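Q: Sequence below, structure please.
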Amino acid sequence: MNHLKPIQVIPGIGNAIAKKLKQLGINTTEDLLFYFPFRYDDFSKTSRIADLKVGEVVHVNGQIELIQNKRSPRRRMYLTECLINDGTESLRVLWFNQPFLTRNLKSGDQISLAGRVSEDYLGLLMSSPQYERIGFKSIHTEGIVPIYHLTSTLTQKVLRGAIARVINLADTITDWLPAKIVYDHKLLPLKKAIREIHFPKDELSLKQAKHRLGFNELFLMQLRAQLQKQSFAKLKASSIKFYESATKEFVKNLPFDLTASQKRSAWEIIQDMTTNKPMLRLLQGDVGSGKTVVACLAMLNVALNHQQSALMAPTEILAAQHFKTLSEFFSKEKISIALLTSSYQLMIKQGIEIKVTKKEIIKLLASGEIDIVIGTQALIQSAVVFKELALAVVDEQHRFGVEQRQLITQKVKSGTAPHLLSMTATPIPRSLALAIYGELDISLLKEMPIGRKKVLTKVVPEAKRQEAYDFIIKELKAGHQAFVICPLIDESDKLGLKSVKTEFEKLSTGVFKDFKIGLLHGRLKSQEREKVLADLVNNKIHILVATSIIEIGIDIPKATIMMIEEAERFGLAQLHQYRGRVGRRSDQGFCFLMTNNSEPTTNHRLEAMTKFDNGFDLARADLKFRGPGEVYGLAQKGFPELKMANFYDTELIKLSRAVALEVLQQDQDLTKFIELKKQLGDWEEQSHLE
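A: The predicted structure is shown next:
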């Protein structure tokens, strides 16, 4: 057997188990070896039965004094009762619906058990613990035991056993990392790291294995990023002259003062664009921190250079919002702006809004008569060609796929590339941003716009719902508007979650019957969505009941209330995005997190929303409660998959970056590193760069 055989060749893996493993993406023996645990139980210490306490998860050894099957009269199931003794005390053990155990285990057998200690009226007991006979190699109950993600019908024991049967195949895996790097940086050889990540000898071995495998992930990411940056740097871009006086006049006419971060970030971007090398920059800022106006300063200078800018947004709502915002910012400038999505085609020229067709916009882009175009994926259709695209701005860029981002940068004449500005409000720590966006320079907006008040946030239990409603009515009567967010479009009997449709009906005929209520969700036709949003902007709708469709792109000046139903169903980063939709001017904003969940963990998580108003702090808090993939949406297209790397391991990120640069300095084409190049694969396709 080698490490590329189908899993059916493994003893004990029949078609039924193979089918379950395939649901986890495990098709070969190599897939098994690289299916890493997500946590571990530490059973390296053996507890004495006499010292056990309720609630502990422990490992005990003992001799079976008695084992028998009984019928449970209440639940109609088999109970397997066992009594073990380790010389200090006896312990009762229960297994449910496993009568075959009396054939496997007999009185007098020495067994090893791992599980949680509980208690009933007869005293301490263990319910459904893992067990193994002493005398055989233990992988389930002793030492540091791996825990894997499973399908609903696959058990840890089956998966762990399958991996144990192929673990020796780790020796057949080629270590693609150059030996000098492994030696110089005291990394475990790959073969040993694979063994130790599944069945570590001790804590030190596990730490070393995690370090090596985490380095692998970050190193490949950094190598791809640097190769892409290297490739991009070979291209030529238009040198954008900085028009200082016109820029100062534009800033002077803004209805607000720029923050220090906005000024610094704008200057970094403008400086980048003055060279004939394509800019690669990420503008990162919290919800409402003013990224759009920074991008406008760059687009202004591009337009003054008689060249074009494109701003690509992930949703039509956000694209339309950007069009409205840019139209206001550039109202005193002689700049033509177009909106191109599947539903909207508009243009503003000389401050006048004109309805145009899609064909007309495409024609005007090709002739260079449109300075700035804002759109969705409609911008990357083959028919769209620019006369001189000098700047591509990609908003909420992690929501786009790699191919989409690449296409927008290819809309230029042969031999040149546009400057590229990516923007994101996703609260990614700098260490993670460096890991994921290693090819990009980063500008950070640290403070909120001057005059913006902190949105006051409260966790509201069901018992205080009426108080929240009374407060909302008071705000509505003062001329303000409110959002009500629900997790679903239609009611779910299985989950018991609230839907926008039922909540809309309930609120319209109940507590808010005297106010105009709107409904917004993803299944509405574009014309219906447009009508709802127009009514909301014009204050014809007092309350908007919506799904997550409003997470980004809605800017309603009079909106001061955000009520989120089933708030525990959302991550803190997503709740923070919703909260950022209100209090966006000088009025005080309020956010009510509605929950009927009394679990302490849930309440602690939601309470973090009342303590922190900064997205970075919230993301850090959310990381403690949930997995990093859930917090940052890493499963979304455009984010790399990280299994072992720790997002806060700044030292490992720095090391992987330094080693990647070192390797490329030695050999830009990686011709000396055959195995590494093979492992890297088609980096141009896999690269995260737009």
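
Q: what's the first-to-last distance across stretch 41-50?
A: 22 Å (C-alpha to C-alpha, to the nearest Å).

Q: can you pull the buried residues of that stretch?
A: 41, 43, 47, 49 (16 or more other C-beta atoms under 10 Å). In this view, the C-beta of every residue, glycine as well, is placed from N, C-alpha and C.

Q: How about residues contacting it?
A: The set of residues external to stretch 41-50 that reach it, using C-beta atoms under 8 Å, 6 or more residues apart in numbering, is 56-62, 84-86, 88-91, 114, 141-145, 147, 202-203.

Q: For the closest residue to Leu524 other than its chain neighbours, give me the pLDDT.
A: The shortest distance from Leu524 to any non-neighbouring residue, by C-beta to C-beta, 6 or more residues apart in numbering, is to Val532 (7.3 Å). The per-residue pLDDT reported for Val532 equals 87.

Q: residues in contact with stretch 515-532?
A: Contacts for stretch 515-532 (C-beta under 8 Å, 6+ apart): 316-317, 320, 342-344, 476, 489, 500-501, 504, 507-508, 533, 535-536, 540-547, 549-550.

Q: I'd like to know which of the residues you listed are part of helices.
A: In helices, defined here by DSSP state H, the members of the contacts of stretch 515-532 are 316-317, 320, 476, 500-501, 504, 507-508, 533, 535-536.

Q: just these now: which is nearest Leu125?
A: Nearest to Leu125 out of the ones in helices among the contacts of stretch 515-532 is Val500 (C-beta to C-beta; 47.3 Å).

Q: Let me see the contact set for the spatially closest residue to that closest one that is not a sequence neighbour.
A: Nearest residue to Val500, sequence neighbours excluded (C-beta to C-beta, 6+ apart): Cys486, at 4.6 Å. Neighbouring residues of Cys486 by C-beta under 8 Å, 6+ apart: 497-500, 503, 545-547, 565-566.

Q: From Ser508, how far off is Cys486?
A: 14 Å (C-beta to C-beta, to the nearest Å).

Q: same deal with Gln527?
A: Spatial separation of Gln527 from Ser508 under the definition C-beta to C-beta is 21 Å.

Q: Among these two, which residue is more densely surrounded?
A: Counted by other C-beta atoms under 10 Å, Gln527 and Ser508 do not tie: Ser508 has more neighbours, with 17 against 9.

Q: ok so, going back, would you list the buried entries among the contacts of stretch 515-532?
A: For those, a burial check counting by 16+ other C-beta under 10 Å picks out 316-317, 320, 344, 476, 489, 500-501, 504, 507-508, 533, 536, 541-547, 549-550.

Q: re the thing from before, ok, which pair from the buried residues of stretch 41-50 is furthest apart?
A: Using C-beta to C-beta, the buried residues of stretch 41-50 reach their maximum pairwise distance at Asp41 and Ile49, which is 18.8 Å.

Q: Distance of the residue nearest to Leu524 relative to Ile556?
A: Separation of Val532 from Ile556 (C-beta to C-beta) stands at 12 Å.

Q: Those two: which is more packed in?
A: Set side by side, Val532 and Ile556 show more neighbours around Ile556, with 22 against 19, by other C-beta under 10 Å.

Q: what's near enough to touch that one?
A: Contact partners of Ile556, counting by C-beta under 8 Å, 6+ apart, are 481, 536-537, 581, 584.
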